[in-house]
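**Student:** Below are the sequence and a predicted model; questions follow.
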Amino acid sequence: MSNGRYRKWLGLISLSLVLAITPAAVYAQDAAKEEAASTQELSYSYEEFALERNDIALHLDRVALADTQPEKNILLVHGLTYSSHEFDIDYKDYSLVRFLAREGYAVWRLDIAGYGRSGEVEDGFMPDSDYAAEDINAAVELITKETGMDKLDILGWSWGTVTSARFAAKYPEHINKLVLYAPILSGLGDYDVDEDFHYNTWEHAADDFQRGEDGNFDLTITDPVIIEMYCSSCWHYDRDYSPNGGRRDLLVDSSVKLIDTESITVPTLVICGDKDPYLNYDLVNGVTDSLPEGSALEVIPGASHAVMIEAPFYQDFQSRLIDYLAD
């Protein structure tokens, strides 16, 4: 086992020990059995689809309620470093994938080249934002062919808002509605990204969870079981390294716009928390001025970058999302 893998295992083991002796964790595990009973009784179908672009196999899967034929489709697009597993934390009713499936959707997930269960890339700078937009297009072309439906909804998270917005600007004909969740509208700060791959650690995977003034996780915001499950999935699916092309795109001066909202011609929901450290709120608050008719902005007070799995906010996030998609 490499030193990196050993350190990651230590991180997971340490958190597991904390969970084992923390009353809050015991309570959370007991409560989960009761509160999630109704959703766990449901069965879901899972299917993977063969997809390849530029001689790289891309992971594309589909989840729906078992024994149903959904007439609505949505594609979820992941952010930097970690892949599409992040949308399906199967604990209580947190999973965005299963929530959308219960709302009658066929839920599709794509791993961009070099990420997660997609094929590896030799050059980690190659899958940048524009390249990823073409991977999304390849997935959408397959989805429309498989379903016989011309349009679907697209949701991108974090870097996924950059990639899905660029896809939407170039290929609007297949989009019903676009959702930009925690949109990276402008550069995060000028920084030289010299390495073409990012070295993944447990600590980095946990960076999106809110912390208190003492630096510890704020367990009133994020259930400790969610932290362990999320980081364990990052370890399982994303392993030691992830491509850095998207990171190089994002780490530019804050004056650089990364999403050209004026080029988006489909109705768009911008949804985020008001405590997200990655967002430019001057741009967020005025974003609907440059988006087409039917667009909307939803800001959830107290929520951060991982609002979809934050205990006080995830159900509000789900509700606002489905209300927009169903309208």
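**Tutor:** Thanks, I have it.
**Student:** So what's the gap between stretch 245-263 and the chain middle?
**Tutor:** 18 Å (Cα atoms, centre = their mean, to the nearest Å).
**Student:** any chance you could map the helices in the stretch 51-200 of the chain?
**Tutor:** Here the stretch 51-200 of the chain has its helices, by DSSP state H, counting those that start in this stretch, at 96-102, 129-147, 159-170.
**Student:** Would you tell me which one of those is buried the most?
**Tutor:** helix 159-170 (a mean of 25; mean count of other Cβ atoms under 10 Å). C-beta coordinates here come from the backbone N, C-alpha and C atoms, glycine included.
**Student:** name the helices or strands packed onto it?
**Tutor:** strand 72-77, helix 129-147, strand 152-157, strand 175-181, helix 245-250 (3 or more Cβ pairs under 8 Å, 6 or more residues apart in numbering; DSSP states H and E).
**Student:** A strand includes W235, no?
**Tutor:** No. Looking at W235 with DSSP: H, G, I helix; E, B strand; the rest coil, it is helix, so not inside a strand.
**Student:** Near it, how many other residues are there?
**Tutor:** A count of neighbours around W235, defined by other Cβ atoms under 10 Å, yields 19.
**Student:** Now for the spatially closest residue to D135 that is not a sequence neighbour: which residues touch it?
**Tutor:** Of all residues not flanking D135 in the chain, I112 sits nearest, at 5.1 Å (Cβ to Cβ, 6 or more residues apart in numbering). Listed by Cβ atoms under 8 Å, 6 or more residues apart in numbering, the contact set of I112 reads L58, V77, H78, S83, S118, P127, Y131, A132, D135, I136, T163, P243.
**Student:** how about those residues in JSON lines, adding pLDDT?
**Tutor:** Below are the contacts of I112 laid out as JSON lines (pLDDT from 0 to 100):
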{"residue": "L58", "pLDDT": "98"}
{"residue": "V77", "pLDDT": "98"}
{"residue": "H78", "pLDDT": "98"}
{"residue": "S83", "pLDDT": "97"}
{"residue": "S118", "pLDDT": "98"}
{"residue": "P127", "pLDDT": "98"}
{"residue": "Y131", "pLDDT": "98"}
{"residue": "A132", "pLDDT": "98"}
{"residue": "D135", "pLDDT": "98"}
{"residue": "I136", "pLDDT": "98"}
{"residue": "T163", "pLDDT": "98"}
{"residue": "P243", "pLDDT": "98"}
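**Student:** ok, those vs Y181, which is closest?
**Tutor:** Nearest to Y181, judged by Cβ to Cβ, of the contacts of I112 is V77 at 9.6 Å.
**Student:** so that closest one makes contact with S158?
**Tutor:** No. Here V77 lies out of contact with S158, judged by Cβ atoms under 8 Å, at a distance of 9.5 Å.
**Student:** Those two - which one has more neighbours?
**Tutor:** V77 (31 against 28).
**Student:** Check the gap between that one and E71 for me.
**Tutor:** 22 Å (Cβ to Cβ, to the nearest Å).
**Student:** swap in Y171?
**Tutor:** In terms of Cβ to Cβ, Y171 sits 22 Å off from E71.
**Student:** of those two, who's got more company?
**Tutor:** Y171 (15 against 10).
**Student:** give me the number of residues near I259?
**Tutor:** 26.
**Student:** Ok, R53 next?
**Tutor:** R53, neighbours per other Cβ under 10 Å, totals 17.
**Student:** what do you get for the one 4 residues further on?
**Tutor:** The burial count assigned to A57 is 15, neighbours taken as other Cβ under 10 Å.
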